[in-house]
Each structure stands twice: as C-alpha cells, then as structure tokens.
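# structure of the sequence below:
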Amino acid sequence: MREGYAAQRPAVLVVEDEPLQRMMAVDLVEEAGFEAIEAADADEAVRILEARADIRIVFTDIDMPGSMDGMMLAAAIRDRWPPIEIIITSGHIREQEVEMPVRGVFFSKPYDIRRLSQQLVAFGLPQ
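Residues are numbered from 1 along each chain as shown. Predicted structure coming up:
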C-alpha cells in the first residue's frame with residue numbers, strides 16, 4: 001500500500017457496542033476499500049461526526065447503550081449531516097418493525113457480507 005493511501009479512501013463510521021461484532025464490521029468495511037472509524041455507542045459516534053467532515057457512511061447497530069439507540073442516531077445524522085449515507089443493522093429487530101430514515105438501508109444480523117459490501121461500495125461511489 002502506498003504512503004497516504006488511507007487518507008484517500010472514503011471513511012465509514014462503524015457504530016457497534018459489541019467488540020467482536022464491531023471488529024468483524026470494521027474488517028468488512030476495510031476489505032470493501034474504506035477507512036473504518038470505530039465508535040462503541042451513538043454518543044461517541046456523534047462526537048466523531050462533529051470532529052470529522054470526511055465520513056461518507058455510518059454503519060450502525062440499533063441496540064446500543066447510552067442516550068441514543070441506532071435509530072435515534074440515524075435521525076440525528078439525517079437532521080445534522082444529511083449527505084451521510086446510513087446502514088442500519090440488528091439481530092433482534094426486523095426491517096418491517098422500524099421506520100427507516102430517507103436513503104437508509106437495513107441489514108438483519110447475521111448480514112450477507114457480499115450484499116453489505118456491495119451496498120457500501122454503492123454508497124461510497126463519488127456523486
């Protein structure tokens with residue numbers, strides 16, 4: 001990998017409170033060609049979003065501790081950072097049970113790695 005390449009890759013914020021799940025999601029994001037940034041909960045994710053203008057996609061779980069769950073985080077992103085794409089995932093909730101944000105995409109856990117990678121690439125393409 002050439003020097004400085006990581007800074008040129010689109011950034012994906014992975015928001016997952018389970019360390020093993022977060023590690024697997026980060027690996028998937030990096031294998032799809034993106035820079036992965038990690039957050040353990042929605043509060044940390046908001047702090048990162050406030051500090052970084054290069055995040056193109058947020059990949060978040062719904063069930064998380066803290067002041068917001070993944071759906072509340074998605075609503076905050078849509079309100080404060082409308083260009084950011086959102087991928088929501090859950091192992092306990094079905095897509096029919098949630099009101100998805102505009103342009104939001106839902107994946108049930110365990111997610112189809114190939115489909116999720118394709119969605120990341122589609123969202124990460126230059127506009």
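
# gap between the most centrally placed residue in the chain and residue 92?
For the chain, residue 59 is the residue whose C-alpha lies nearest the centre (Cα atoms, centre = their mean; 1.3 Å). Residue 59 sits at a distance of 17 Å from residue 92 (criterion: Cβ to Cβ, to the nearest Å). From N, CA and C alone the C-beta is placed, and that goes for glycine too.

# again, but for residue 18
Taken as Cβ to Cβ, the span from residue 18 to residue 92 is 12 Å.

# and those two? which has more neighbours close in?
In terms of neighbours (other Cβ atoms under 10 Å), residue 18 is the more surrounded of residue 18 and residue 92; the figures are 14 against 10.

# how about the closest residue to the more buried one other than its chain neighbours: which residues does it bridge to?
Excluding its sequence neighbours, the residue lying closest to residue 18 (Cβ to Cβ, 6 or more residues apart in numbering) is residue 61, at 7.6 Å. Residue 61 has the following beta-bridge partners by DSSP bridges: residue 89.

# what element comes up after the worst-scoring helix or strand of the chain on mean pLDDT heading to the C-terminus?
Lowest mean confidence among the helices and strands of the chain (mean pLDDT, DSSP states H and E): helix 5-8, at a mean of 54. Where DSSP states H and E defines the elements, the next helix or strand beyond helix 5-8 is strand 11-15.
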